[in-house]
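Q: Requesting a structural model of the entry that follows:
(chains A and B)
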Amino acid sequence: MIEHLPALQVVIPLICAPLCMLVRYRDWSWIVALFGSWASLVISWLLLQQVMDAGVISYHMGNWAPPLGIEYRIDFVNAFVLLIVSAIGAVVTPYARESVRAEFGTNRIYMFYTAYMLCLCGLLGVTITGDAFNLFVFLEISSLSSYVLIAMGKDRRALTASYQYLVLGTIGATFIVIGIGLLYAETGTLNMADLAKRLADQPLSRTIGAAFGFLVVGISLKLALFPLHLWLPNAYTYAPSVVSAFLAATATKVAVYVLLRFLFTIFNVKLSFGVMPLDTILLVLAVIAMFAASAVAIFQTNLKRMLAYSSVAQIGYIILGISFANVNGLSAGIIHLFNHALMKGGMFLALGCIFYRIASVNINDMAGMGRRMPWTMGAFVVGGLGLIGVPLTVGFISKWYLVLGALERGWWFAAALVLLSSLLAVVYIWRVVEVAYLKPIPEDAPKIEDAPPAMLIPTWILIGASVYYGINTDLTVGVAKQAAQQLLGVGS
Amino acid sequence: MTAVGLYNYWIVVFLMMTGFYIVIAHDNLVKKIVGLNVFQASVFILYITFGKVQGGTAPIIAEGITVYSNPLPHVLILTAIVVGVATTALGLALVVRINEAYGTIEEDEIHIQDGES
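A: Below you'll find the model as predicted:
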C-alpha cells in the first residue's frame, strides 16, 4: 500500500469524481468529496515525510520502466506543492457545503463536486508527474474542470469569463504541447529526467530555442504573468466563492511549479538564464505586475476583483524571486507560493462568508461590516496584513527572503521596489478597513449574524496558518530551501 | 532538405496563424471556437510529421521491412485530439448558455449589454 502512494494521490480524487456524479444526492456527494480531499492531504503529507527521510521517490506507473513508461517523480519541490494543493482542497471542501447550497440550485450541487474533484485530480497530477506529455494531459483535466467551475457562477458574466478563460487557456495549453513536441523531436524522449540529461549535452539548436519560447509563453499564460493575466480578474470575480478561493490558492501556483520544473529541471539554469536572457525579461514583467496590478486593485469597487488583481501582483513577487535564480530568491518564490495560497485562499473564503450573508461583495455595502460580522472581517484584515507583509505574518517572511535574494544578486533596486510596492497593498487593504470599521452601520441595514461556524472555521484555519507560519518558519523555509537547492543543482 | 521538401511544416505554420488570427479577429463566439480548432489541428499535423521516417512504413512488424515510422507521436496526438474535442464541446456548451443569457453570441453586443447592466 505505502509504495503505491504516488498513484493513489491522483487516483483517489479521480475515482471520487464519478462517484460524486453517481450518488447524486447533494450531501452524499459532499461526503465523497470530503473523503477525496482529506485522503489526498494525508497522502501528500506522507509523501513529503518520505521525501524528507529517503530523498527522491520514483514511481513507475503500471510497472513500466522509465523513460518509456510514465514515471511519477517526487522531490522536495513537488512534494511541497502537492501539500499546498491538497491542504487547500481539504480546507475548502468543508466550507463548500454551506456556501454551495446558498449559491447553487440544489440539482446542480453534485455536478459541482464532480468538477471540483476532477480539478483537484488534475492539479495533483500536473504536480506529481515526471513525464512531459502526461503533464499536458493533467493540465487539461484541471483546466477543463475549472472552466466548468467558473461557469457555475450565478452572474451571467461568469459565462463570458469562463469562455474567455477557455480560449486563452487553450491557446496556452496548445503552446505547451508545441513546446513539448519540439523537445521530443530534438531529443526523442518525454521523461523529464531523461530530457534534462539529453538537453544538457546538446548545444542550443533553433528547435530547442523555439521549444523554450513556446513553453515559457504557454506556461506564463496559465500562471497569469503580466501582461498575460487578462483572463484572471473576470474569472475570479464571477466564479462562485468557493471556486475563487480554491483556484486562486492552487491553479496559478501549480502553473508556477510547472514553470520552475521546465526552467530549472528540464532546461538548466545555464540555458534558461545564461543563453536566454529570461532573468531580465521575468524581472521586468514581475516588477510591472507588482506595481500595475496593485495600482489597478486600488480602484476596484468589487472586492473579489480587487483580490484578483492583487493575485496578479502577488504572482509578480513569486516570479521576481524566480528571476534572481539564486537559492534565496528561489526559496522566496517557493515560500510565497505557500504563503500566498494561505492568505489569498483565506481572504476569498472570508469574502464568501460576506456574500453568504448579504449577497454582495461591493465595497459600498461593507459599511460597518467590522461590527456586523466581526469574525469574518477580522479574518479578512489579518489576511490583508499578510499581503502587505507586516512582521509576524507569512507575507513578511516571503518579502524578507525576496530582499535577501535581490541583494545577493546585487539588484538592490529590486529590493527597493519590493518594499515600495508593498505600500500599494497598504492602500487597497486600508480602503476596506476604513469602510468596514470607521463608517457607521447604515440605518436601513438588516441585522445579520456572523457566518455559520462551518464556514468561519475553515476561513480561520487558513488565516491562522498564515500567522502561525509567519512565526514558526521551520516547515516552509526548511523545505523551500531544500527545494531551491535541488532545482539549482547545488549541494543539499 | 529544401524549403519545398518541408512543405508539411509550411502547412502547419499557415494553419496555426490562420487559426490564431480567427481567434483574435472575430467577434462571433462560435467562429472563435472554430479558429481554436484550426489552431489545434495545426499542432496535430506537426506531431504527425515528426513521426514520419523517410522510407518508413506503418509500424507493424512484417517480413522484409526494416524501417518503420515512429508511432509514438501519433499515439500522443490521439490523446491531444481527445482533449481538443472536449475543449470544443465545452466551449460550444458555454456559447449555448451565453446565447440563453444574453440573446446574442457577438462579443461586442455582449460587451454593450454588460456595460449597461
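Q: Next, name the residue at the spatial heart of chain B.
A: Chain B has B:Q40 as the residue nearest its centroid, 1.8 Å off, counting by Cα atoms, centre = their mean.
Q: Check which helix or strand the nearest residue to that residue once chain neighbours are set aside maps to.
A: Nearest non-adjacent residue to B:Q40, counting by Cβ to Cβ, 6 or more residues apart in numbering or on different chains: B:G84, 4.6 Å away. C-beta coordinates here come from the backbone N, C-alpha and C atoms, glycine included. In the assignment (DSSP states H and E), B:G84 maps to helix B:72-102.
Q: likewise A:G321?
A: Going by DSSP H and E, A:G321 is in helix A:303-324.
Q: Pull the distance from that helix to the chain's centre.
A: Here the centre of helix A:303-324 is set off from its chain's centre by 11 Å, with Cα atoms, centre = their mean, to the nearest Å.
Q: What is the next helix or strand after it packed up against?
A: For helix A:303-324, the following helix or strand on the C-terminal side (DSSP H and E) is helix A:327-358. Other helices and strands packing on helix A:327-358, by 3 or more Cβ pairs under 8 Å, 6 or more residues apart in numbering or on different chains; DSSP states H and E, are helix A:76-103, helix A:241-260, helix A:303-324, helix A:374-388, helix A:394-409, helix A:453-471, helix A:474-488.
Q: Give me the phi and psi angles of the residue sitting furthest away from the middle of chain A.
A: No residue in chain A sits farther from the centre than A:E443, which is 40.3 Å out by Cα atoms, centre = their mean. The phi/psi pair for A:E443 (degrees, to the nearest 10) reads phi -60, psi -40.
Q: And it, how close does it get to chain B?
A: Separation of A:E443 from chain B (Cβ to the nearest Cβ, to the nearest Å): 28 Å.
Q: which one is the residue of chain B at minimum distance from chain A nearest to, not counting chain neighbours?
A: Closest residue of chain B to chain A, Cβ to the nearest Cβ: B:A101 (3.9 Å). Leaving aside its sequence neighbours, B:A101 sits nearest to A:R156 (Cβ to Cβ, 6+ apart; 3.9 Å).
Q: cool, A:P18 as well?
A: A:T114 (7.3 Å).
Q: what helices or strands is the helix holding A:G321 leaning on?
A: The helices and strands touching helix A:303-324, judged by 3+ Cβ pairs under 8 Å, 6+ apart, are helix A:231-238, helix A:241-260, helix A:278-288, helix A:294-298, helix A:327-358, helix A:394-409, helix A:412-433.
Q: Contacts only, for the nearest residue to B:I81 once chain neighbours are set aside.
A: Nearest residue to B:I81 in three dimensions, chain neighbours excluded: B:F44, at 6.4 Å (Cβ to Cβ, 6+ apart). By Cβ atoms under 8 Å, 6 or more residues apart in numbering or on different chains, the contact set of B:F44 is B:I77, B:A80, B:I81, B:G84.
Q: quick one: contacts for the second one?
A: Residues near B:A80 by Cβ under 8 Å, 6+ apart: A:F136, A:V177, B:Q40, B:V43, B:F44, B:Y47.
Q: Among the residues you listed, which lie within helices?
A: Assigned to helices by DSSP state H, the following of the contacts of B:A80 qualify: A:F136, A:V177, B:Q40, B:V43, B:F44, B:Y47.
Q: separation between the last one and B:V85?
A: The one in question is B:Y47. Taking Cβ to Cβ, to the nearest Å as the measure, B:Y47 falls 16 Å from B:V85.
Q: So which of these two has more stuff around it?
A: Ranked by neighbour count (other Cβ atoms under 10 Å in any protein chain shown), B:Y47 and B:V85 place B:Y47 first, with 23 against 12.
Q: who touches that one in this structure?
A: By Cβ under 8 Å, 6+ apart, the residues touching B:Y47 are A:G181, B:P73, B:H74, B:L76, B:I77, B:A80.
Q: Just flag the most distant two among those.
A: Greatest spatial distance in the contacts of B:Y47: A:G181 and B:H74, 12.1 Å, computed using Cβ to Cβ.
Q: For the stretch 1-150 of chain A, which residue gets nearest to chain B?
A: A:E140 (4.6 Å).
Q: one step back: would a markdown table of the ones in helices among the contacts of B:A80 with pLDDT be doable?
A: Shown next, in a markdown table, are the ones in helices among the contacts of B:A80 (pLDDT from 0 to 100):
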| residue | pLDDT |
| --- | --- |
| A:F136 | 93 |
| A:V177 | 93 |
| B:Q40 | 92 |
| B:V43 | 92 |
| B:F44 | 92 |
| B:Y47 | 89 |
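Q: Just the buried positions in stretch A:188-206, please.
A: A:T189, A:L190, A:N191, A:M192, A:A193, A:D194, A:L195, A:A196, A:R198, A:L199 (16 or more other Cβ atoms under 10 Å in any protein chain shown).
Q: can you give me phi and psi for the nearest residue to the third one once chain neighbours are set aside?
A: It stands for A:N191. Once flanking residues are discounted, A:N191 sits nearest to A:P67: 3.7 Å by Cβ to Cβ, 6+ apart. Dihedral pair for A:P67: phi -80, psi 0, per degrees, to the nearest 10.
Q: swap in A:Y59?
A: Torsion angles, degrees, to the nearest 10, at A:Y59: phi -110, psi 130.
Q: for it, what are its contacts?
A: A:E3, A:H4, A:P6, A:A7, A:E71, A:Y72, A:R73, A:I74.
Q: about what we covered before: how many other residues sit next to the residue nearest to B:Q40?
A: 23.
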